[in-house]
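S.K.: Predicted model follows, preceded by the sequence.
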Amino acid sequence: MLRLLLLQASVNRRTSSACLYPHLAKLSSPALLLTRCLSSSSPQIPNGSYVEHLDNKDNHLDNNDNQTTPQATATISIDRSGLCNPPEHSHGPTSDSELVKHLKGIIKFRGGPISVAEYMKEVLTNPKAGFYINRDVFGAEGDFITSPEVSQMFGEMIGVWAMCLWEQMGQPNRVNLVELGPGRGTLMMDLLRGASKFRHFTESLHVHMVECSPTLQKIQHQNLKCVDDHMANNVGQRTVSTLAGTPVSWHAALEQVPSGLPTIIIAHEFYDALPVHQFQRTSRGWCEKMIDLAEDLTFRFVLSPQPTPAILSLLKRCKWAVTEEIAKLDQIEVCPKAMDLTQSIAKRISYDGGGALIIDYGLNGVVSDSLQAIRKHKFVNILDDPGSADLSAYVDFDSIRHSAQEASGEVSVHGPMTQSQFLGSLGINFRVEALLQNSTEEQAESLRTGYWRLVGEGEAPFWEGPEEEVPIGMGTRYMAMAIVNKKQGVPVPFQ
Ligand SMILES: C[S@@+](CC[C@H](N)C(=O)[O-])C[C@H]1O[C@@H](n2cnc3c(N)ncnc32)[C@H](O)[C@@H]1O
């Protein structure tokens with residue numbers, strides 16, 4: 001059905017787009033103009049279908065060569081937000097990994113349990129053995145797939161958003177473009193490639209990748225097609241992405257990105273990896289859920305016997321909610337790191353100008369119990385073989401809004417709106433139509449499926465493959481929120 005509609009749409013753009021996407025009535029014309037002019041109208045990511053993913057981006061068609069035959073690799077891709085936790089704890093490996101030994105060491109050394117947040121931080125980012133640190137966790141051999149990996153159109157649309165904001169900022173000639181948690185660098189790759197025709201914009205950029213994983217930093221360097229330039233008189237080295245001639249630097253944290261320039265910050269699926277504390281309502285009041293060692297030396301959940309320091313974050317979060325919202329919950333998750341990060345972002349934007357875009361899955365309200373573990377595209381128990389599965393939690397967008405507003409009166413917060421509204425308003429339907437016109441049948445199939453996954457809701461109605469592989473839309477599960485300096489006005493497409 002969708003395929004048919006899209007084919008019709010390419011014949012008669014204006015009418016069919018309007019009836020396919022009612023929200024396009026509110027389209028922002030600068031965004032649309034940019035979307036229509038993006039570099040290359042050839043698909044770069046010729047995934048065959050929902051279950052196929054091309055790992056080697058060098059095999060993609062590039063702007064001038066749409067004769068190349070791409071090699072696709074089969075993978076299973078899973079929308080993380082639609083799965084649920086298994087009820088039972090499966091048994092882990094017989095011998096402890098380095099990370100398990102480390103976690104047990106902390107618990108034994110302290111003589112007591114650790115918080116879920118400390119466990120999550122160690123599991124994901126322990127510098128020696130954290131989940132993200134030593135391997136590529138995305139795609140066929142990895143554990144999950146994200147929107148930039150689903151379709152090139154995602155990064156291109158984020159590029160349109162960034163260019164619109166840059167225009168609202170008065171087209172400054174030097175801008176820091178910061179990406180938090182860039183994964184494989186796919187979003188930035190598609191953003192730079194898509195924007196490369198807009199020289200005035202790309203020449204203003206210095207890209208800053210905030211990434212804790214040395215392995216992923218290397219992959220990002222490759223995907224951005226970086227070259228390391230030795231500067232005159234051997235005074236240092238400068239790394240430049242040849243995709244748009246843009247300098248690129250890497251940092252372990254946002255604080256390390258130099259300030260003093262107008263800044264555009266992108267955080268896609270970054271907040272969901274920040275450590276959360278979990279609380280449970282008991283007859284003694286709210287108790288923090290902790291992780292301890294059972295007698296058989298396996299991990300188990302316990303409740304803190306007395307208040308923990310994180311109770312302060314819980315109290316802060318509850319103050320921002322209405323009493324009825326809290327009254328109906330027996331469990332609450334809070335993410336002090338998300339609150340702190342948002343405050344840093346808001347302060348930076350208020351001093352330097354610019355804005356931030358946060359896209360993630362979550363709720364516009366208090367989150368109850370969302371922490372989940374995914375290994376090889378399947379849900380597993382959170383305590384099972386830590387370090388071998390991704391841990392992530394729903395993002396509390398309401399708490400992000402309050403944190404930003406508390407940090408600075410100079411910024412305004414917009415959204416959240418659904419990913420479907422966000423991408424639709426930026427003109428993703430025009431982009432898919434343009435790409436479809438220059439695509440092979442295999443690429444067209446991949447584009448339609450990718451498009452559906454990004455903006456659709458529920459199961460794809462056009463799917464004709466195996467039932468268990470039906471693409472699930474991420475369009476309403478993922479949400480977009482912007483924090484901008486008030487001087488810039490309301491950002492596209494939140495007007
Ligand atoms: C879920 S992945 C998202 C990747 C990418 N944004 C995407 O959508 O494909 C999270 C990313 O954040 C990075 N990361 C997680 N925690 C981090 C931290 N505390 N500091 C810096 N990077 C972090 C991971 O290494 C990874 O690149």
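M.R.: Nice, I can see it. Numbering: from 1, shown residues only.
S.K.: Assumed residue 178 was part of a strand.
M.R.: Yes - Residue 178: assigned to a strand according to DSSP: H, G, I helix; E, B strand; the rest coil.
S.K.: Number of residues surrounding residue 96?
M.R.: 14 (other CB atoms under 10 Å). C-beta: built from backbone N, CA, C; applies to glycine.
S.K.: check contacts around the closest residue to it other than its chain neighbours.
M.R.: Spatial nearest neighbour of residue 96, excluding adjacent residues (CB to CB, 6 or more residues apart in numbering): residue 104 at 7.1 Å. Residue 104 makes contact with 96, 293, 297 under the criterion CB atoms under 8 Å, 6 or more residues apart in numbering.
S.K.: Could you single out the nearest of those to residue 219?
M.R.: The shortest approach to residue 219 among these belongs to residue 96, at 28.5 Å (CB to CB).
S.K.: Regarding the closest one, what is its secondary structure?
M.R.: At residue 96 the chain is in coil, as set by three-state DSSP.
S.K.: and what of residue 208?
M.R.: From three-state DSSP, the assignment for residue 208 is strand.
S.K.: What parts of this structure come near the ligand?
M.R.: Counting by CB under 6 Å from any ligand atom, the chain comes close to the ligand at 124-125, 132, 146, 148-149, 181-183, 210-213, 216, 268-270, 273.
S.K.: From the ligand, how far off is the residue nearest to residue 96?
M.R.: Remark: distance between residue 104 and the ligand (CB to the nearest ligand atom, to the nearest Å) = 23 Å.
S.K.: give me the element that residue is part of.
M.R.: Per DSSP states H and E: residue 104 is located in helix 98-110.
S.K.: Now for this structure, the helix or strand with the poorest mean pLDDT.
M.R.: Every helix and strand of the chain was ranked by mean pLDDT, DSSP states H and E. The lowest is strand 52-53, at a mean of 23.
S.K.: closest to the ligand among the contacts of residue 104?
M.R.: residue 96 (23.6 Å; CB to the nearest ligand atom).
S.K.: roughly how far apart are residue 118 and residue 310?
M.R.: 10 Å (CB to CB, to the nearest Å).
S.K.: ugh, typo on my part, it should be residue 224
M.R.: Distance of residue 224 to residue 310, computed by CB to CB: 38 Å.
S.K.: Those two: which is more packed in?
M.R.: The neighbour comparison of residue 224 against residue 310 (other CB under 10 Å) goes to residue 224, with 25 against 20.
S.K.: Quick check: which ranges of the chain have low pLDDT?
M.R.: Within the chain, the segments meeting pLDDT under 70 span 1-30, 32-33, 40-42, 44-94, 140, 232-235.
S.K.: How is residue 448 classified with respect to secondary structure?
M.R.: helix.
S.K.: For it, give its distance to residue 442.
M.R.: Residue 448 is 11 Å from residue 442, by CB to CB.
S.K.: of the two, who's got more company?
M.R.: More neighbours surround residue 448 than the other of residue 448 and residue 442, with 23 against 17 (other CB under 10 Å).
S.K.: Pretty sure the more buried one sits against residue 464.
M.R.: No - the pair residue 448 / residue 464 is not scored as a contact, 11.6 Å apart, by CB atoms under 8 Å.
S.K.: Now do residue 151: how many residues are near it, please.
M.R.: 29.
S.K.: Surely it and residue 455 touch.
M.R.: No - the pair residue 151 / residue 455 is not scored as a contact, 10.1 Å apart, by CB under 8 Å.
S.K.: Apart from its chain neighbours, what residue comes closest to residue 135?
M.R.: Spatially, and ignoring its direct neighbours in sequence, residue 135 is nearest to residue 215 (5.9 Å; CB to CB, 6+ apart).
S.K.: List the contacts of the strand or helix carrying the one you found.
M.R.: Assigned by DSSP H and E, residue 215 falls within helix 214-223. Residues outside helix 214-223 that contact it (CB under 8 Å, 6+ apart): 57, 132-136, 182-186, 188-189, 209, 211, 239, 248, 250.
S.K.: Pull out the buried members of the residues you listed.
M.R.: 57, 132-133, 136, 182-186, 188-189, 209, 211, 239, 248, 250 (16 or more other CB atoms under 10 Å).
S.K.: Buried ones only from the residues of the chain next to the ligand, please, as a PyMOL command.
M.R.: Buried subset of these, written as a PyMOL selection, criterion 16+ other CB under 10 Å:
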select buried, resi 124+125+132+146+148+149+181+182+183+210+211+212+213+216+268+269+270+273
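S.K.: returning to what we had before: next SSE after the helix holding residue 215?
M.R.: strand 226-230.
S.K.: which residues in the stretch 301-450 of the chain form helices?
M.R.: All helices of the stretch 301-450 of the chain, identified by DSSP state H, counting those that start in this stretch, fall at 311-319, 323-327, 336-352, 397-407, 419-426, 428-437, 441-455.
S.K.: coming back round to it: just the ones in helices from the buried ones among the contacts of helix 214-223, please.
M.R.: The helices in this structure, assigned by DSSP state H, contain 186, 188, 189 from the buried ones among the contacts of helix 214-223.
S.K.: Out of the residues you listed, flag the one nearest to the ligand.
M.R.: Set against the ligand, the nearest of these by CB to the nearest ligand atom is residue 186 (6.1 Å).
S.K.: That closest one contacts residue 147, correct?
M.R.: No - in this structure residue 186 lies outside contact range of residue 147 using CB under 8 Å: 9.3 Å.
S.K.: Residue 169 - how many residues pack around it?
M.R.: 21.
S.K.: now residue 332, nearest residue through space, not along the chain?
M.R.: Here the residue nearest residue 332, using CB to CB, 6+ apart, is residue 279, at 4.9 Å.
S.K.: Now do the contacts for the nearest residue to residue 400 once chain neighbours are set aside.
M.R.: Of all residues not flanking residue 400 in the chain, residue 342 sits nearest, at 4.9 Å (CB to CB, 6+ apart). Counting by CB under 8 Å, 6+ apart, residue 342 makes contact with 400, 403, 404, 407, 483.
S.K.: which of those are the two that sit furthest away from each other?
M.R.: 400 and 407 (10.8 Å).
S.K.: So which of the two has more stuff around it?
M.R.: Comparing residue 400 with residue 407 by other CB under 10 Å, the one with more neighbours is residue 400, at 29 against 21.
S.K.: quick one: that one from the ligand, how far?
M.R.: In terms of CB to the nearest ligand atom, residue 400 sits 16 Å off from the ligand.
S.K.: thought that residue was touching residue 481?
M.R.: Yes - between residue 400 and residue 481 there is a contact under CB under 8 Å: 6.3 Å.
S.K.: Report the set of residues contacting both of the two.
M.R.: Shared contacts of residue 400 and residue 481, counting by CB under 8 Å, 6+ apart, come down to 358, 413.
S.K.: Look up the residues forming beta bridges with the residue nearest to residue 162 when sequence neighbours are not counted.
M.R.: Nearest-residue entry for residue 162: residue 264, 5.2 Å, with adjacent residues in sequence omitted and distances by CB to CB, 6+ apart. In this entry, residue 264 is beta-bridged to residue 177, residue 355, by DSSP bridges.
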